[in-house]
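> Can you look at this prediction? I've put the sequence above it.
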Amino acid sequence: MNKFSRRHFFYGALLAGAVPSGGFGSTPSLKQLGFKSPNEKLNIAAIGAGGRAVFNIAGCAAENMVAFADPDDERAAATFQQYEKAAKHKDFRRMLDKESGNIDAVIVTTPDHTHAVAVHAAIQHGKHVYCEKPLTHSIWEARFLADAAEKFKVATQMGNQGYSFEGERIAAEIIWSGEIGDVREVHCWTDRPIWPQGMDKRPAEEKVPAGFDWDVWLGPAAMRPYSPAYCPFNWRGWFDFGSGALGDIACHVWGAVNMALRLGGSSCSVEVVKQENRGSYAFPKRSVTEFQFPARGALAPVKVFWSDAADGPVYRPEGIPESEPLISGKGAFGGNGDLSPGLPMFIAPKNGAPRAASPYAPTFEGRAINTPTGSGAIFVGTKGYLTTDNYGANVRLLPLARHSEYKLPPQVLTRSPGHYADWIRACKGGDPACSNFSVSAPLTEIVQLAAMAVHFEGKLEWDSQKMKITNRPEANAFLKPKFRKGWELG
């Protein structure tokens, strides 16, 4: 206790509840009989084998990959070839039914609208689950999965890798130390979308490609004619399938914000204060959303702003010269580390519109994409400023002179062995992973509140405990999706 300065005791009430009840997965232990030895490999199945799934599979490649389910033969071809002996299926439900006895854990990397049904199917089979962000396509589904994971006692993790980086924990420790005072505002931004948005009509029907199961890809969504305007990549912009730029990046950018300010599970208000070109079927091309959170224990009330389709940082603190970088830079605390072992974070494509094989384009609609300042957050405190990057890492205090002279406070939070390693260890009996569903479901609720808000003018008042919008009853229809027959959840 003598290691803590007086300013730490200013935030003493925070520290007692700052760490998830299961910790951050830093202490290996076999807590339950029947779990695998830490030295024994897991048998892992993957729902989704192409695109982003390649990164998640690579992150778990030290284990045994025994089965795959993907409705798109072409996208999955490279993975299928790499794991020739693994079982291959199009429909994950059939894979789980047939291969269940040989599977310990499942990776889910599908479009947002199928996350919940795929994850729940795995949980019902008693399998541990790693699911891409956002955890679900709706608030009701997020709570449903959190409850299911608790009921079936499975190890879970959402794919917001920054939660395992040291940078997010350093940011939280600095803020809890009182170094920048009470955080009253946070400004978050991203350069996404890098896919079409603002569509006001459905695309024309086209022939379903050979080797592609359109019915399985649609999953719980209402049946409609196939179009390449939906998949394999551009689904994020459509209300029925994705969550816009929020679903792609907010779970990353808000990682440090959520960890440090303990936003998940809080009641709040949310309002889209600016949007451009919202379509009848798709998210707007550009939007700005404002959250207002009340005091949370010893934490002051805070406004959190989200801006997408941004050209860079959307807020520059007064007195910080334009020549001084706000994000990353020399001497930043807590880097990103390796997101996916053996793979680059982004595949360098040609200029122009996103391509199916590599959607990460350096430009999109005239905007630079994937620049060092493409996404990030600026914490505005009563005594100073702190910034983080896309993954809540590369932490800096502003101005630079203050940062260069700063000494980090004593470590309060444990450090992670890595996002995938954290989950794998939990599967084998270790402590819960850092972004297990008890943590990531409340964070996903925040993301989906913002996604709901684009449909309404003015504020939505969210009562987290009652799980309802209190001032606009009609908004509650967006809390739970409609499931196509044969794909129901429950």
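Sure, I can see it.
> what helices or strands is the lengthiest helix in the chain leaning on?
If you go by DSSP state H, the chain has its longest helix at helix 437-453. Applying 3 or more CB pairs under 8 Å, 6 or more residues apart in numbering; DSSP states H and E, one finds that helix 437-453 makes contact with helix 139-152, strand 156-158, helix 251-261, strand 268-276, strand 286-293, strand 460-463. Backbone N, C-alpha and C define where each C-beta goes, glycine included.
> Figure out which of these is closest to Ser177.
For the helices and strands packed on helix 437-453, the distance to Ser177 is smallest for helix 251-261, at 10.8 Å, taking CB to CB.
> can you state the direction angle for that closest one and strand 286-293?
20 degrees (axes from the mean of the first three to the mean of the last three CA atoms, to 10 degrees).
> just checking, what packs against helix 251-261?
helix 166-176, strand 183-190, strand 302-307, strand 375-381, helix 437-453.
> cutoff 7 Å now
The helices and strands touching helix 251-261, judged by 3 or more CB pairs under 7 Å, 6 or more residues apart in numbering; DSSP states H and E, are helix 166-176, strand 183-190, strand 375-381, helix 437-453.
> what residues does it touch?
Here helix 251-261 makes contact (CB atoms under 7 Å, 6 or more residues apart in numbering) with 133-134, 160, 162-163, 168, 171-172, 175, 183, 186, 188, 190, 263-264, 299, 302, 304, 375-377, 388, 390-392, 443, 446-447.
> hang on, the earlier thing: minimum distance to Tyr315: which of the helices and strands packed on helix 437-453 has it?
Taking CB to CB, strand 286-293 is the member of the helices and strands packed on helix 437-453 nearest to Tyr315, at 11.3 Å.
> List the buried residues for that closest one?
Arg286, Ser287, Val288, Thr289, Glu290, Phe291, Phe293 (16 or more other CB atoms under 10 Å).
> same deal with stretch 167-185?
When burial is assessed from 16+ other CB under 10 Å, stretch 167-185 yields the following buried residues: 167-180, 182-183.
> of those residues, closest to Pro417?
Distances from Pro417 to the buried residues of stretch 167-185, taken by CB to CB, are shortest for Arg169, at 13.2 Å.
> Show me where the stretch 51-200 of the chain has its strands.
64-69, 87-89, 105-108, 128-131, 156-158, 183-190 (DSSP state E, counting those that start in this stretch).
> Pick the most buried one from these.
Highest mean neighbour count among the strands of the stretch 51-200 of the chain (mean count of other CB atoms under 10 Å): strand 156-158, with a mean of 31.
> contact partners of it?
By CB under 7 Å, 6+ apart, the residues outside strand 156-158 that reach it are 128-131, 133, 135, 149, 422-423, 433, 435-437, 440.
> for stretch 43-56, same thing?
By CB under 7 Å, 6+ apart, stretch 43-56 touches 57, 60, 63-70, 72, 75-76, 79-80, 92, 95, 99, 102-110, 118, 130, 132, 159, 232, 340, 343.
> okay, how far is it across it, tip to tip?
Stretch 43-56 has its terminal residues 15 Å apart, counting by CA to CA, to the nearest Å.
> residues of it that come out buried?
43-51, 53-56.
> ok, Ser138 touching Lys482?
No. Contact criterion CB atoms under 7 Å: Ser138 and Lys482 do not qualify, at 10.2 Å.
> residue ranges of the helices in the chain, please?
Going by DSSP H, the chain shows helices at 6-10, 12-18, 53-59, 73-82, 92-99, 112-124, 139-152, 166-176, 214-218, 244-245, 251-261, 400-405, 419-427, 437-453.
> Including pLDDT and distance to Ala155, could the buried residues of stretch 43-56 go into JSON lines?
Shown next, in JSON lines, are those (pLDDT from 0 to 100; distance: CB to CB, whole Å):
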{"residue": "Asn43", "pLDDT": "98", "distance to Ala155": "14"}
{"residue": "Ile44", "pLDDT": "98", "distance to Ala155": "12"}
{"residue": "Ala45", "pLDDT": "98", "distance to Ala155": "15"}
{"residue": "Ala46", "pLDDT": "98", "distance to Ala155": "16"}
{"residue": "Ile47", "pLDDT": "98", "distance to Ala155": "16"}
{"residue": "Gly48", "pLDDT": "98", "distance to Ala155": "19"}
{"residue": "Ala49", "pLDDT": "97", "distance to Ala155": "22"}
{"residue": "Gly50", "pLDDT": "95", "distance to Ala155": "25"}
{"residue": "Gly51", "pLDDT": "93", "distance to Ala155": "24"}
{"residue": "Ala53", "pLDDT": "96", "distance to Ala155": "19"}
{"residue": "Val54", "pLDDT": "96", "distance to Ala155": "22"}
{"residue": "Phe55", "pLDDT": "95", "distance to Ala155": "20"}
{"residue": "Asn56", "pLDDT": "96", "distance to Ala155": "15"}
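> tell me which of the buried residues of stretch 167-185 is nearest to Ala122?
Within the buried residues of stretch 167-185, the smallest distance to Ala122 is 27.1 Å, found for Glu168 (CB to CB).
> what pairs with the closest residue in space to Tyr315 that isn't next to it in sequence across the strands?
Spatial nearest neighbour of Tyr315, excluding adjacent residues (CB to CB, 6 or more residues apart in numbering): His187 at 3.8 Å. For His187, the beta-bridge partners are Phe305, Ile378 (DSSP bridges).
> hang on, His187 packs against Gly312?
No. With contact defined as CB under 7 Å, His187 does not reach Gly312; the gap is 11.8 Å.
> Extract the C-alpha trace of stretch 57-77 and format it as CSV.
Provided in CSV are the C-alpha atoms of stretch 57-77 (Å, rounded to 0.1, in the frame of the first residue of the first chain):
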residue,chain,number,x,y,z
ILE,A,57,-7.5,-18.9,-37.0
ALA,A,58,-3.9,-17.9,-37.2
GLY,A,59,-4.1,-16.6,-33.7
CYS,A,60,-5.0,-20.0,-32.5
ALA,A,61,-2.9,-22.0,-34.9
ALA,A,62,-0.8,-23.6,-32.1
GLU,A,63,-3.9,-25.6,-31.1
ASN,A,64,-5.6,-28.3,-33.3
MET,A,65,-7.9,-26.9,-36.0
VAL,A,66,-10.3,-29.8,-36.5
ALA,A,67,-13.4,-28.5,-38.3
PHE,A,68,-14.6,-25.6,-40.4
ALA,A,69,-18.0,-24.2,-41.5
ASP,A,70,-18.2,-21.6,-44.3
PRO,A,71,-21.0,-21.0,-46.9
ASP,A,72,-18.5,-19.6,-49.4
ASP,A,73,-16.2,-22.2,-51.0
GLU,A,74,-14.1,-19.6,-52.8
ARG,A,75,-13.4,-17.5,-49.7
ALA,A,76,-12.7,-20.5,-47.6
ALA,A,77,-10.5,-22.3,-50.2
